[in-house]
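Q: Please work out how this folds:
(one chain, ligands or ions: 1)
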Amino acid sequence: MSTHLVFRLQGKESHRNLKQFEEPKPVIDKYEVLVKVRGISLNYRDIVIASGGYPFPTKDNGIPTSDAAGEVVEVGSSVEGLEVGDHVIGNFDVSNLYGQQKDWLHAHGGPIDGMLRQYITLPGHAVVKIPKHAKLNFTEMASLVCTGTTAWNALYGIIPLKPGQTVLFQVKEKYGPDRVINYKTTPYWAAEAKRITGGRGVDHVFENGGSGTIKQSIDCIVMGGIISVIGFLSDAKQEDMPDVAGLALSKGCIVRGITVGSKQLLEDMVRFVVNRELRPPVDKVFGFSTEEVIAAYDYLQSGAHIGKVCISLD
Ligand SMILES: NC(=O)c1ccc[n+]([C@@H]2O[C@H](COP(=O)([O-])OP(=O)(O)OC[C@H]3O[C@@H](n4cnc5c(N)ncnc54)[C@H](OP(=O)(O)O)[C@@H]3O)[C@@H](O)[C@H]2O)c1
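A: Prediction:
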(Lines give C-alpha, C1' and ligand atoms only; values in the text may rest on other atoms or scores of the structure.)
Protein backbone atom coordinates (compact mmCIF):
# COMPACT_ATOMS: atom_id res chain seq x y z
CA MET A 1 0.00 0.00 0.00
CA SER A 2 1.28 3.42 -0.95
CA THR A 3 1.62 5.88 1.99
CA HIS A 4 2.40 9.54 2.59
CA LEU A 5 3.18 11.85 5.53
CA VAL A 6 0.44 13.89 7.15
CA PHE A 7 0.33 16.31 10.10
CA ARG A 8 -2.66 16.20 12.44
CA LEU A 9 -3.52 18.55 15.27
CA GLN A 10 -3.87 16.34 18.33
CA GLY A 11 -5.63 18.76 20.69
CA LYS A 12 -6.60 22.42 20.62
CA GLU A 13 -4.24 24.07 23.10
CA SER A 14 -1.21 24.80 20.96
CA HIS A 15 0.49 24.05 17.66
CA ARG A 16 2.90 21.94 19.74
CA ASN A 17 0.17 19.30 19.45
CA LEU A 18 1.02 18.86 15.76
CA LYS A 19 2.12 15.29 15.10
CA GLN A 20 3.31 13.66 11.90
CA PHE A 21 1.78 10.34 10.77
CA GLU A 22 2.27 7.93 7.91
CA GLU A 23 -1.14 7.25 6.35
CA PRO A 24 -2.48 5.64 3.16
CA LYS A 25 -2.05 7.95 0.18
CA PRO A 26 -5.47 9.39 -0.75
CA VAL A 27 -7.29 7.94 -3.77
CA ILE A 28 -9.17 10.12 -6.27
CA ASP A 29 -12.71 9.65 -7.55
CA LYS A 30 -13.54 10.50 -11.15
CA TYR A 31 -14.20 14.19 -10.39
CA GLU A 32 -10.99 14.76 -8.44
CA VAL A 33 -7.30 15.33 -9.02
CA LEU A 34 -4.43 14.05 -6.86
CA VAL A 35 -2.01 16.85 -6.03
CA LYS A 36 1.54 16.37 -4.78
CA VAL A 37 1.87 19.25 -2.33
CA ARG A 38 5.11 21.22 -2.83
CA GLY A 39 4.60 24.48 -0.94
CA ILE A 40 2.41 25.58 1.98
CA SER A 41 1.79 29.08 3.29
CA LEU A 42 0.70 29.69 6.89
CA ASN A 43 -1.87 32.20 8.11
CA TYR A 44 -2.67 33.74 11.48
CA ARG A 45 -5.82 31.57 11.30
CA ASP A 46 -3.64 28.44 11.58
CA ILE A 47 -2.20 29.65 14.91
CA VAL A 48 -5.64 30.55 16.24
CA ILE A 49 -7.11 27.19 15.17
CA ALA A 50 -4.19 25.31 16.79
CA SER A 51 -4.76 27.13 20.07
CA GLY A 52 -8.54 26.63 20.09
CA GLY A 53 -9.46 30.30 19.68
CA TYR A 54 -10.97 30.24 16.19
CA PRO A 55 -14.55 31.53 16.29
CA PHE A 56 -15.79 29.19 13.52
CA PRO A 57 -16.17 25.38 13.33
CA THR A 58 -13.03 23.24 13.25
CA LYS A 59 -12.58 19.50 12.95
CA ASP A 60 -11.04 17.37 15.74
CA ASN A 61 -7.74 15.70 14.87
CA GLY A 62 -7.80 17.54 11.54
CA ILE A 63 -5.04 18.23 9.06
CA PRO A 64 -4.25 21.96 9.39
CA THR A 65 -3.57 24.81 6.94
CA SER A 66 -5.54 26.14 4.00
CA ASP A 67 -2.97 27.35 1.48
CA ALA A 68 -0.94 25.02 -0.69
CA ALA A 69 0.46 24.74 -4.18
CA GLY A 70 1.51 21.57 -5.91
CA GLU A 71 1.65 19.47 -8.98
CA VAL A 72 -1.17 17.35 -10.41
CA VAL A 73 -0.07 13.70 -10.43
CA GLU A 74 -3.39 11.98 -11.28
CA VAL A 75 -6.57 13.20 -12.98
CA GLY A 76 -10.06 11.69 -12.55
CA SER A 77 -11.76 10.47 -15.72
CA SER A 78 -14.48 13.18 -15.58
CA VAL A 79 -12.17 16.11 -14.88
CA GLU A 80 -11.71 18.53 -17.77
CA GLY A 81 -9.04 21.19 -18.29
CA LEU A 82 -6.38 19.71 -16.00
CA GLU A 83 -3.56 17.30 -16.77
CA VAL A 84 -0.72 15.55 -15.01
CA GLY A 85 2.13 18.00 -14.39
CA ASP A 86 -0.09 21.10 -14.06
CA HIS A 87 0.82 23.47 -11.23
CA VAL A 88 -2.25 24.25 -9.14
CA ILE A 89 -3.54 25.89 -5.98
CA GLY A 90 -6.73 24.85 -4.20
CA ASN A 91 -9.43 27.35 -3.31
CA PHE A 92 -9.72 28.16 0.42
CA ASP A 93 -13.34 26.94 0.61
CA VAL A 94 -13.90 23.98 -1.75
CA SER A 95 -17.61 24.77 -2.17
CA ASN A 96 -17.29 28.52 -2.84
CA LEU A 97 -16.93 28.75 -6.61
CA TYR A 98 -18.59 32.15 -7.07
CA GLY A 99 -20.38 34.75 -4.96
CA GLN A 100 -20.51 34.62 -1.18
CA GLN A 101 -19.36 31.61 0.85
CA LYS A 102 -22.55 29.72 1.81
CA ASP A 103 -21.55 28.37 5.25
CA TRP A 104 -18.52 27.71 7.49
CA LEU A 105 -18.27 23.99 6.72
CA HIS A 106 -16.01 23.68 3.69
CA ALA A 107 -12.77 25.59 4.32
CA HIS A 108 -9.48 23.70 4.31
CA GLY A 109 -7.65 23.38 7.60
CA GLY A 110 -10.74 24.18 9.71
CA PRO A 111 -13.97 22.21 9.30
CA ILE A 112 -12.35 19.94 6.68
CA ASP A 113 -8.84 18.52 6.42
CA GLY A 114 -6.26 20.92 5.07
CA MET A 115 -2.96 20.92 3.25
CA LEU A 116 -0.21 19.95 5.72
CA ARG A 117 0.54 16.65 3.99
CA GLN A 118 2.35 15.26 1.00
CA TYR A 119 -0.68 14.42 -1.16
CA ILE A 120 -4.24 15.74 -1.30
CA THR A 121 -7.27 14.93 -3.45
CA LEU A 122 -9.17 18.01 -4.59
CA PRO A 123 -12.34 18.35 -6.67
CA GLY A 124 -11.26 19.35 -10.17
CA HIS A 125 -13.63 22.33 -10.00
CA ALA A 126 -11.95 23.72 -6.85
CA VAL A 127 -8.42 24.15 -8.16
CA VAL A 128 -6.88 27.01 -10.10
CA LYS A 129 -4.12 26.32 -12.58
CA ILE A 130 -1.00 28.47 -12.41
CA PRO A 131 0.43 28.91 -15.91
CA LYS A 132 3.84 27.26 -16.39
CA HIS A 133 5.36 30.57 -17.53
CA ALA A 134 4.47 32.23 -14.21
CA LYS A 135 7.53 33.50 -12.35
CA LEU A 136 6.36 32.01 -9.06
CA ASN A 137 7.78 29.20 -6.96
CA PHE A 138 5.46 26.86 -5.03
CA THR A 139 5.56 28.74 -1.71
CA GLU A 140 4.77 31.99 -3.54
CA MET A 141 1.87 30.32 -5.36
CA ALA A 142 0.55 28.99 -2.03
CA SER A 143 0.78 32.48 -0.53
CA LEU A 144 -1.83 33.73 -3.01
CA VAL A 145 -4.66 31.58 -1.67
CA CYS A 146 -5.99 33.17 1.53
CA THR A 147 -4.19 36.51 1.77
CA GLY A 148 -4.40 37.24 -1.96
CA THR A 149 -8.04 36.31 -2.38
CA THR A 150 -9.03 38.22 0.76
CA ALA A 151 -7.33 41.39 -0.45
CA TRP A 152 -8.78 41.00 -3.96
CA ASN A 153 -12.25 40.39 -2.51
CA ALA A 154 -11.98 43.52 -0.36
CA LEU A 155 -10.95 45.70 -3.30
CA TYR A 156 -13.02 44.14 -6.11
CA GLY A 157 -15.62 41.89 -4.48
CA ILE A 158 -18.45 44.42 -4.40
CA ILE A 159 -17.62 47.98 -5.45
CA PRO A 160 -14.30 47.96 -7.34
CA LEU A 161 -11.58 50.33 -6.22
CA LYS A 162 -11.14 53.29 -8.59
CA PRO A 163 -7.85 54.87 -9.65
CA GLY A 164 -6.99 57.80 -7.38
CA GLN A 165 -8.74 56.43 -4.32
CA THR A 166 -6.97 56.02 -0.97
CA VAL A 167 -6.78 52.70 0.89
CA LEU A 168 -5.69 52.36 4.50
CA PHE A 169 -4.15 48.97 5.36
CA GLN A 170 -3.55 47.92 8.97
CA VAL A 171 -0.35 45.99 8.22
CA LYS A 172 3.43 46.15 8.53
CA GLU A 173 5.02 48.88 6.42
CA LYS A 174 7.70 47.20 4.30
CA TYR A 175 6.00 46.83 0.91
CA GLY A 176 5.81 50.25 -0.63
CA PRO A 177 2.85 52.19 0.74
CA ASP A 178 2.72 55.91 -0.16
CA ARG A 179 2.47 56.93 3.50
CA VAL A 180 2.94 55.06 6.77
CA ILE A 181 1.30 55.70 10.15
CA ASN A 182 2.71 53.69 13.05
CA TYR A 183 -0.27 52.70 15.22
CA LYS A 184 1.99 52.21 18.25
CA THR A 185 3.55 55.70 18.20
CA THR A 186 0.36 57.33 16.84
CA PRO A 187 -2.43 55.61 18.82
CA TYR A 188 -5.10 57.91 17.35
CA TRP A 189 -4.03 57.21 13.77
CA ALA A 190 -7.41 58.19 12.32
CA ALA A 191 -6.56 61.90 12.78
CA GLU A 192 -3.26 61.41 10.95
CA ALA A 193 -5.03 59.56 8.10
CA LYS A 194 -7.39 62.50 7.74
CA ARG A 195 -4.51 65.00 7.86
CA ILE A 196 -2.60 63.10 5.15
CA THR A 197 -5.67 63.10 2.89
CA GLY A 198 -6.17 66.83 3.34
CA GLY A 199 -9.14 66.31 5.68
CA ARG A 200 -11.06 64.21 3.15
CA GLY A 201 -10.47 60.80 4.75
CA VAL A 202 -9.69 57.46 3.11
CA ASP A 203 -11.94 55.63 0.65
CA HIS A 204 -11.33 52.10 1.89
CA VAL A 205 -9.98 50.56 5.10
CA PHE A 206 -8.64 47.02 5.53
CA GLU A 207 -9.89 46.51 9.09
CA ASN A 208 -7.48 44.02 10.66
CA GLY A 209 -7.89 44.91 14.34
CA GLY A 210 -11.64 44.33 14.55
CA SER A 211 -13.70 45.75 17.40
CA GLY A 212 -10.66 47.51 18.94
CA THR A 213 -9.86 49.56 15.85
CA ILE A 214 -13.11 49.90 13.89
CA LYS A 215 -14.11 53.17 15.58
CA GLN A 216 -10.95 54.82 14.25
CA SER A 217 -11.53 53.25 10.83
CA ILE A 218 -14.98 54.84 10.70
CA ASP A 219 -13.55 58.12 12.02
CA CYS A 220 -11.18 58.37 9.05
CA ILE A 221 -13.39 56.93 6.28
CA VAL A 222 -14.90 59.28 3.69
CA MET A 223 -18.67 59.62 3.66
CA GLY A 224 -19.90 56.53 1.80
CA GLY A 225 -16.53 54.72 1.97
CA ILE A 226 -15.96 51.00 2.51
CA ILE A 227 -14.56 49.27 5.58
CA SER A 228 -13.59 45.67 4.85
CA VAL A 229 -13.67 43.81 8.15
CA ILE A 230 -10.96 41.20 7.78
CA GLY A 231 -9.14 40.51 11.07
CA PHE A 232 -9.75 40.27 14.78
CA LEU A 233 -6.26 41.07 16.08
CA SER A 234 -7.32 43.76 18.54
CA ASP A 235 -10.61 43.05 20.33
CA ALA A 236 -12.18 45.89 22.35
CA LYS A 237 -13.08 45.31 26.00
CA GLN A 238 -16.83 44.83 26.44
CA GLU A 239 -17.16 48.24 28.14
CA ASP A 240 -15.33 49.93 25.25
CA MET A 241 -17.36 48.29 22.45
CA PRO A 242 -18.05 50.92 19.79
CA ASP A 243 -21.57 51.53 18.53
CA VAL A 244 -20.74 50.35 15.01
CA ALA A 245 -24.33 50.74 13.75
CA GLY A 246 -24.48 54.38 14.86
CA LEU A 247 -21.00 55.17 13.60
CA ALA A 248 -21.64 53.53 10.20
CA LEU A 249 -24.87 55.48 9.87
CA SER A 250 -23.06 58.73 10.69
CA LYS A 251 -20.70 58.14 7.73
CA GLY A 252 -23.14 56.41 5.37
CA CYS A 253 -20.36 53.87 4.93
CA ILE A 254 -20.33 50.19 4.06
CA VAL A 255 -19.00 47.88 6.78
CA ARG A 256 -18.47 44.57 5.01
CA GLY A 257 -17.22 41.32 6.53
CA ILE A 258 -14.82 39.46 4.26
CA THR A 259 -14.68 35.64 4.29
CA VAL A 260 -11.64 35.08 2.05
CA GLY A 261 -13.41 34.64 -1.31
CA SER A 262 -14.62 32.49 -4.16
CA LYS A 263 -12.67 30.54 -6.74
CA GLN A 264 -13.79 33.17 -9.24
CA LEU A 265 -12.01 35.90 -7.24
CA LEU A 266 -8.95 33.65 -6.80
CA GLU A 267 -8.81 33.12 -10.57
CA ASP A 268 -9.10 36.86 -11.30
CA MET A 269 -6.36 37.64 -8.78
CA VAL A 270 -4.05 34.90 -10.13
CA ARG A 271 -4.44 36.29 -13.68
CA PHE A 272 -3.50 39.76 -12.41
CA VAL A 273 -0.49 38.49 -10.43
CA VAL A 274 0.81 36.33 -13.30
CA ASN A 275 0.31 38.96 -16.01
CA ARG A 276 1.99 41.65 -13.92
CA GLU A 277 4.79 39.23 -12.92
CA LEU A 278 4.18 40.01 -9.24
CA ARG A 279 5.74 37.87 -6.52
CA PRO A 280 4.07 37.65 -3.12
CA PRO A 281 6.54 38.48 -0.34
CA VAL A 282 7.71 35.30 1.41
CA ASP A 283 9.61 36.10 4.61
CA LYS A 284 10.92 32.65 5.57
CA VAL A 285 10.61 29.05 4.36
CA PHE A 286 10.77 26.05 6.72
CA GLY A 287 11.01 22.30 6.03
CA PHE A 288 8.42 19.54 6.48
CA SER A 289 9.86 17.75 9.56
CA THR A 290 7.94 18.02 12.86
CA GLU A 291 10.62 20.33 14.32
CA GLU A 292 10.59 22.59 11.26
CA VAL A 293 6.79 22.78 11.05
CA ILE A 294 6.54 23.72 14.73
CA ALA A 295 9.35 26.25 14.22
CA ALA A 296 7.36 27.78 11.34
CA TYR A 297 4.29 28.16 13.58
CA ASP A 298 6.51 29.59 16.37
CA TYR A 299 7.96 32.13 13.97
CA LEU A 300 4.53 33.20 12.74
CA GLN A 301 3.28 33.47 16.33
CA SER A 302 6.28 35.62 17.30
CA GLY A 303 5.08 38.32 14.89
CA ALA A 304 8.67 38.84 13.68
CA HIS A 305 7.68 38.11 10.09
CA ILE A 306 7.00 40.64 7.35
CA GLY A 307 5.40 38.70 4.52
CA LYS A 308 4.39 35.06 4.42
CA VAL A 309 5.76 32.22 6.52
CA CYS A 310 5.95 29.07 4.40
CA ILE A 311 6.79 25.36 4.41
CA SER A 312 8.49 23.71 1.46
CA LEU A 313 8.07 19.99 0.72
CA ASP A 314 10.68 19.95 -2.05
N1 LIG B 1 -11.61 37.57 6.92
C2 LIG B 1 -10.77 36.91 6.14
O3 LIG B 1 -11.13 36.39 5.09
C4 LIG B 1 -9.33 36.85 6.55
C5 LIG B 1 -8.35 36.40 5.65
C6 LIG B 1 -7.01 36.47 6.03
C7 LIG B 1 -6.68 36.93 7.31
N8 LIG B 1 -7.68 37.28 8.16
C9 LIG B 1 -7.39 37.83 9.50
O10 LIG B 1 -6.65 39.02 9.32
C11 LIG B 1 -5.82 39.24 10.45
C12 LIG B 1 -4.39 39.44 9.97
O13 LIG B 1 -3.91 38.23 9.42
P14 LIG B 1 -2.46 38.18 8.78
O15 LIG B 1 -2.24 36.76 8.36
O16 LIG B 1 -2.28 39.28 7.80
O17 LIG B 1 -1.59 38.47 10.09
P18 LIG B 1 -0.12 38.99 10.23
O19 LIG B 1 0.71 38.62 9.05
O20 LIG B 1 0.31 38.56 11.59
O21 LIG B 1 -0.25 40.57 10.19
C22 LIG B 1 -0.99 41.29 11.11
C23 LIG B 1 -0.63 42.76 10.96
O24 LIG B 1 -1.57 43.55 11.66
C25 LIG B 1 -0.85 44.56 12.39
N26 LIG B 1 -1.65 44.92 13.55
C27 LIG B 1 -1.88 44.18 14.66
N28 LIG B 1 -2.68 44.85 15.53
C29 LIG B 1 -2.93 46.05 14.94
C30 LIG B 1 -3.65 47.20 15.36
N31 LIG B 1 -4.27 47.25 16.55
N32 LIG B 1 -3.70 48.26 14.51
C33 LIG B 1 -3.06 48.23 13.31
N34 LIG B 1 -2.36 47.15 12.87
C35 LIG B 1 -2.28 46.09 13.68
C36 LIG B 1 0.45 43.89 12.76
O37 LIG B 1 1.44 44.85 12.97
P38 LIG B 1 2.54 44.68 14.15
O39 LIG B 1 3.17 43.32 13.98
O40 LIG B 1 3.47 45.80 13.93
O41 LIG B 1 1.77 44.76 15.43
C42 LIG B 1 0.74 43.07 11.51
O43 LIG B 1 1.41 43.84 10.53
C44 LIG B 1 -6.03 38.02 11.35
O45 LIG B 1 -7.01 38.33 12.32
C46 LIG B 1 -6.56 36.96 10.39
O47 LIG B 1 -7.31 35.97 11.03
C48 LIG B 1 -8.98 37.26 7.80
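
Q: Alongside the ligand, which residues does the protein contribute?
A: Within the chain, the positions near the ligand by CB under 6 Å from any ligand atom are 43-45, 146-147, 150, 170-172, 183, 208-209, 212-213, 230-234, 258-260, 303. In short, each C-beta sits where N, CA and C put it, glycine included.

Q: Where does the chain get nearest to the ligand, which residue?
A: Going by CB to the nearest ligand atom, the ligand is nearest to residue 231 of the chain, at 2.6 Å.

Q: for the chain, which residue is closest to the average position?
A: Most central in the chain under CA atoms, centre = their mean is residue 146, positioned 2.2 Å from the mean C-alpha point.

Q: Am I right that that residue is in contact with residue 92?
A: Yes: using CB atoms under 8 Å, residue 146 makes contact with residue 92 at a distance of 5.4 Å.

Q: May I ask which helix or strand encompasses residue 217?
A: helix 214-220 (DSSP states H and E).

Q: residues in contact with that helix?
A: Under the contact criterion CB atoms under 8 Å, 6 or more residues apart in numbering, helix 214-220 has outside partners 168, 188-191, 193-194, 201-202, 205, 207, 227, 229, 242, 244, 247-248, 250-251, 253, 255.

Q: counting contacts, what elements does the helix or strand harbouring residue 140 pack onto?
A: Assessed by DSSP H and E, residue 140 sits inside helix 138-142. Here helix 138-142 touches strand 32-41, strand 67-75, strand 87-90, strand 282-286, strand 308-312, going by 3 or more CB pairs under 8 Å, 6 or more residues apart in numbering; DSSP states H and E.

Q: now the ones you listed as TSV including distance to residue 96?
A: Compiled in TSV, these are given as follows (distance: least, CB to CB, whole Å):
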stretch	distance to residue 96
strand 32-41	17
strand 67-75	15
strand 87-90	12
strand 282-286	25
strand 308-312	22
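
Q: what would those strands look like in a markdown table with distance to residue 103 and mean neighbour count?
A: Formatted as a markdown table, the helices and strands packed on helix 138-142 follow (distance: least, CB to CB, whole Å; neighbours: other CB atoms under 10 Å):
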| stretch | distance to residue 103 | mean neighbour count |
| --- | --- | --- |
| strand 32-41 | 21 | 24 |
| strand 67-75 | 20 | 23 |
| strand 87-90 | 18 | 24 |
| strand 282-286 | 31 | 19 |
| strand 308-312 | 27 | 24 |
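
Q: Can you redo these as CSV, where the extra columns are mean pLDDT?
A: Output for those, formatted as CSV (pLDDT from 0 to 100):
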stretch, mean pLDDT
strand 32-41, 98
strand 67-75, 98
strand 87-90, 98
strand 282-286, 98
strand 308-312, 98
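
Q: Can you give me the neighbour number for residue 61?
A: By the criterion of other CB atoms under 10 Å, residue 61 has 12 neighbours.

Q: quick one on the thing from earlier: could you point out which of the helices and strands packed on helix 138-142 sits nearest residue 270?
A: strand 87-90 (7.6 Å; CB to CB).
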